[in-house]
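Undergrad: here is a sequence together with a model predicted from it:
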Amino acid sequence: MRPQTVLAPEAPLIQALARGVCPICTLIRAFQNAMLEAPYRYPAVSLCNFHAWSLAGASPAVEAVRIFRSMLEESPVRSNSGATGLYPCNWCVALREQENEKLAEFAREMKRDKFRGWVTEYGTICLFHGRRLIKILPEPEAEVIRHILASNQKELERQLAEFDVKVRRGEKGGAGVLGHIAEFVVSQRGLTR
């Protein structure tokens, strides 16, 4: 992955465009990082495994204590509700809403010739977000996304073949290609599909 400048979670999509990374994943990652850095802005009484461990390991302790305390107070054990079902992760829900907003923004931007031209030539998008965009875009723009996905896949296959040769020779380094492929096939880490 190429180093990215730090983006505000509310940054416009145009600021997240960079060759080699999915702009939607980049903005979702920025939003998720903002949750961890300032969890008091993102209330939660239910977190998934990934976000609970992220809160425990990466957030300011004072905020983690506050959120975990509220989770314990709301737990079915304490409330005697008898409910044992799964509760949606508040942060995953917020991320999904943010993701949907960024997909809609991407679709709006595709109507602009300059944007569409840039993403056609240089754009990268993960498979998950590409498939979602294909479903919501009209056909000429959906074809652009198909082209981007095919180009991205071809380039990743080339990089993977080169990496495989290096690994078989015992060389170390260059494993960033595995991260690129992981992002391409599953999108932003930490979210379940």
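TA: All right, it came through fine. Numbers count the residues shown, from 1 in each chain.

Undergrad: give me the pLDDT value at the closest residue to residue 137 other than its chain neighbours.
TA: Spatial nearest neighbour of residue 137, excluding adjacent residues (Cβ to Cβ, 6 or more residues apart in numbering): residue 107 at 5.7 Å. C-betas here are computed from N, CA, C, even on glycine. Residue 107 is assigned 96 on the pLDDT scale.

Undergrad: quick one: what helix or strand has residue 107 in it?
TA: helix 90-109 (DSSP states H and E).

Undergrad: returning to that earlier point: quick check: the residue nearest to residue 137 touching residue 133?
TA: Yes - applying Cβ atoms under 8 Å as the test, residue 107 and residue 133 come out as touching, 6.7 Å apart.

Undergrad: the helices in the chain, which residues?
TA: Under the criterion DSSP state H, the chain contains helices at 23-37, 49-58, 61-74, 76-79, 90-109, 113-122, 127-136, 139-168, 176-186.

Undergrad: which positions in the third one come out as buried?
TA: In terms of neighbour count (16 or more other Cβ atoms under 10 Å), helix 61-74 has its buried residues at 63-64, 67, 71.

Undergrad: same check, this time on the second one
TA: Neighbour-count burial for helix 49-58 flags 50-52, 54-55 (criterion: 16+ other Cβ under 10 Å).

Undergrad: just the fifth one next, same as before
TA: Taking 16+ other Cβ under 10 Å as the basis for neighbour counts, the residues of helix 90-109 that come out buried are 90-92, 94-95, 98-99, 102-103, 105-107, 109.

Undergrad: next: the last one.
TA: If you call a residue buried by 16+ other Cβ under 10 Å, then helix 176-186 has these buried ones: 177, 180-181, 183-184.

Undergrad: of those, closest to residue 148?
TA: Nearest to residue 148 among the buried residues of helix 176-186: residue 184, at 11.0 Å, using Cβ to Cβ.

Undergrad: what's near enough to touch that closest one?
TA: Residues near residue 184 by Cβ atoms under 8 Å, 6 or more residues apart in numbering: 22, 126-127, 152-153, 156.

Undergrad: can you tell me which of the residues you listed is closest to residue 46?
TA: residue 126 (26.7 Å).

Undergrad: that closest one: neighbouring residues, count only.
TA: Neighbour count for residue 126, taken as other Cβ atoms under 10 Å: 23.
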